[in-house]
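>>> Next comes the sequence, and after it the predicted model I'd like to discuss.
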Amino acid sequence: DVVYRKFGGCNTVSIIDRYITKSKINIVIKNISHTLRKDFFMCGIIGYIGTKKCVPKLIGALEALEYRGYDSAGVAYIKNGNVEIKKEKGKIKNLKDTLDMDVDAYIGIGHTRWATHGEANNINAHPHKNGKVTLVHNGIIENYIEIKEDLKKKGYKFTSETDTEVAAALLDELYSKNSDMVKSLHEASKIIRGSYAFVILVDGDDNIYASRCASPMIVAIGNDGYYVASDVPAILAYTNKYMLLNDYDIVKLSKDKIEIYDKDLNEIEKEIKFFEGSMDAATKGGFEHFMLKEINEQDKVFKDTVNYYFDGTIKSLEKSFSYLKNFKKIDIVACGSAYHTGVVGKYLIENYANIPVNVEVASEYRYKKCFYDKDTLVVLVSQSGETADTLAALRKAKVDGITTMAIVNVVGSSIAREADYVTYIKAGFEIAVATTKAYLAQLAIFSLIALYLGYENKNINENEFNELVKEYNNLPALIKETINNDNYSTIADKIYDKKQIFFIGRGIDYALSLEASLKLKEISYINSVAYQAGELKHGTISLIEKDTPVIAISTDDSLREKTISNIKEVKARGAYVVYVTNETPQEKFYDDIITIKKIHPILESILTIIPLQLLSYKVAKDNGCDIDKPRNLAKSVTVE
Ligand code: M6R
């Protein structure tokens, strides 16, 4: 508790790192780090000050940040010298419908919320105002009840259930004393425990103020003004020039200048970065949904990811992956779909590299007793690189002195920055909440790892390696063909109104079933379960009745006969069976078939997942679901 308070309550990893070198205190920090460290990065925030009307700018930015949550949205702007607040429950579109987009205001802030404190309604929506301070917030103030009680005694009143309104009141109290928001933010950082990124308007003041602790924030420079935002996508429609903020930095944006102060209130200069990626990701490019667009990008994503690490020679793989040879065991840790790629990775690495692989869900791993040692490599898989549980698992391994490697999409994300080794997938921005192209790119990385270690272990000989090089080169075309070769709509039409859908497979096909099932349920809201085909008869088969859809995956020749027997078992009980396979069956034990081209087992899962992604997409579409933003979800899950 002493350590926790001494460091301002914000026990970020930088603090852990800084003090970890000081011998005695080391153990104390190690013990508290797993329990107290929290990152709450959900919600998106934006501020704009400039020569253009601010509301369209704020809304554009919020739309780009909607992946961080969409329970409610709000803006505040200065009109005729007064702060006006508009907020609305639900997606940004709801807010937009109530706004005058042409309002004569040039300074404003905005927020899109993923509810943590209090239900998703208009009262709890941001911005929150208390006294002279209007504020949007991303994070969680852990000691807000304590602060609230204290402020109540001083006469402050609260209308919402949020911790954010308490922060507004606290800053109002400090500001009424200091008449200086920079100083007030500095003082608030000593009182607040938890995480925050604040963007603030003050009555009677034509500036925007911002500060952060453990929640991300950038400052961006446009031709017509300045921005603060949670993340780069928010500002890409306006500018590609931005600066990263550190914990406790305080920003003051005026019409003609940016001032940034560090934790000791020294004015500092920041390096200007230029985002060089493509902005195409922010648009649907003619597709009806981002998910469909991203599925269609997978041939390119595969090519970009593979070509980055592999030029057809073992030397190129050696350059990126030689350190892997130092480990005798691998723990793969991740959440959701990233966990599912880990399950595929386990089969590939164990088969080809002869290394035991343990795959665990990060939210369990971070709290369990781990039997890792210096010979273990902990591999964290994460598209966003910000998933709270995966990040916590990484930090746990690091504190215990275990080597870590991250497979990440978002460059510079927390997991990428903190892991000992990083392998970036080259998926580009993924906007749809349901991951597709990042999942496929993660599979591509696991295939390369298996190829490299398999070759080094002599499980893959020169001939097989050369054949595989050809297959890697041909795969983008096959991916495209599989996407276009669409007979999935007719199958979707037969199952879209069912109450539950089963996916079964054995071995690596079971690993794919897990992902296929998650994809289906998260976007179509149909209950779906993935089962090892041989396990069904131990209980679950009692759920099979006439017309229950069972999607059976079989690409592994060595397990085929067994899987077919299991298919016959469900068929005998009336199931409607879709057989997903790379063989031409000799008999008809299924109702519908999806055939995938037969390729090397190291790559087969990459092709097999595509029809399953498209099937989920079409089922969700038949049900009229909000495919890119399924209910209750957010793209980056940065809460525990
Ligand atoms: O950003 P991450 O890869 O760490 O995210 C992990 C999961 O939250 C994510 O894969 C989630 O399961 C997706 N919505 C699945 O489509």
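Perfect, I can see it now.

>>> Test for you: state the pLDDT assigned to the closest residue to the ligand within the stretch 251-400 of the chain.
Closest contact between the stretch 251-400 of the chain and the ligand, by Cβ to the nearest ligand atom, is at residue 336 (1.9 Å). Where C-beta positions appear, they are placed from N, C-alpha and C, glycine not excepted. Looking at residue 336, its pLDDT is 96.

>>> For the stretch 51-200 of the chain, just list every one of the strands.
Applying DSSP state E, counting those that start in this stretch to the stretch 51-200 of the chain gives strands spanning 72-79, 82-89, 107-113, 128-130, 133-141, 194-202.

>>> actually the stretch 301-450 of the chain, not the one I typed
329-334, 357-361, 376-382, 403-408, 421-424.

>>> Of the ones you listed, which is nearest residue 464?
Closest to residue 464 of the strands of the stretch 301-450 of the chain is strand 357-361 (Cβ to Cβ; 21.2 Å).

>>> how far does stretch 102-115 stretch from start to finish?
29 Å (Cα to Cα, to the nearest Å).

>>> hang on, the earlier thing: how close does the residue of the stretch 251-400 of the chain closest to the ligand sit to residue 627?
17 Å (Cβ to Cβ, to the nearest Å).

>>> for residue 538, same thing?
34 Å.

>>> More neighbours: which of those two?
Counted by other Cβ atoms under 10 Å, residue 538 and residue 627 do not tie: residue 627 has more neighbours, with 23 against 9.

>>> so the more buried one, which of the three states?
Here residue 627 is recorded as coil under DSSP: H, G, I helix; E, B strand; the rest coil.

>>> Do you know the pLDDT at it?
92.

>>> Looks like it contacts residue 291 (just checking).
Yes: the pair residue 627 and residue 291 qualifies as a contact (Cβ atoms under 8 Å) at a distance of 5.3 Å.

>>> residues in this protein within reach of the ligand, list them.
335-338, 382-384, 387, 390, 433-435, 518, 522, 636-637 (Cβ under 6 Å from any ligand atom).

>>> Of the residues you listed, which belong to helices?
Under the assignment DSSP state H, these contribute 336, 337, 338, 390, 518, 522 to helices.

>>> Max pairwise distance over those residues: which two?
390 and 522 (17.9 Å).

>>> ok, these two, which is more surrounded?
Taking neighbours as other Cβ under 10 Å, residue 390 and residue 522 compare with residue 390 leading, 30 against 22.

>>> and the more buried one, what does it touch?
The contact partners of residue 390, by Cβ atoms under 8 Å, 6 or more residues apart in numbering, come to 333, 334, 335, 338, 362, 380, 381, 382, 415.

>>> Please work out how many residues are found near the residue lying closest to it once chain neighbours are set aside.
Leaving aside its sequence neighbours, residue 390 sits nearest to residue 362 (Cβ to Cβ, 6 or more residues apart in numbering; 4.3 Å). The tally of other residues near residue 362 (other Cβ under 10 Å) stands at 27.

>>> got it, and residue 180?
There are 15 residues near residue 180, going by other Cβ under 10 Å.

>>> What of residue 511?
27.

>>> now swap in the one 3 residues further on and tell me
By other Cβ under 10 Å, the residues close to residue 514 number 21.

>>> Residue 579 now?
23.

>>> residues contacting it?
552, 554, 567, 585, 589, 590, 592, 593, 594.

>>> ok, now how distant is it from the ligand?
Distance of residue 579 to the ligand, computed by Cβ to the nearest ligand atom, to the nearest Å: 24 Å.

>>> Quick check: residue 290 touching residue 435?
No: at 11.1 Å, residue 290 does not count as touching residue 435 under the criterion of Cβ under 8 Å.

>>> The two: who's more crowded?
Legend: neighbour count by other Cβ under 10 Å for residue 290 and residue 435, higher for residue 435 (28 against 24).

>>> Quick check: the more buried one touching residue 339?
No: under the criterion of Cβ under 8 Å, residue 435 is not in contact with residue 339, lying 11.4 Å apart.

>>> Leaving out chain neighbours, which residue sits closest to residue 43?
Per Cβ to Cβ, 6+ apart, closest to residue 43 is residue 138, 4.1 Å.

>>> With residue 141 instead?
Residue 141 sits nearest to residue 163 (Cβ to Cβ, 6+ apart), 4.0 Å away.

>>> residues touching the one you found, list them.
By Cβ under 8 Å, 6+ apart, the neighbours of residue 163 are 117, 137, 140, 141, 144, 194.
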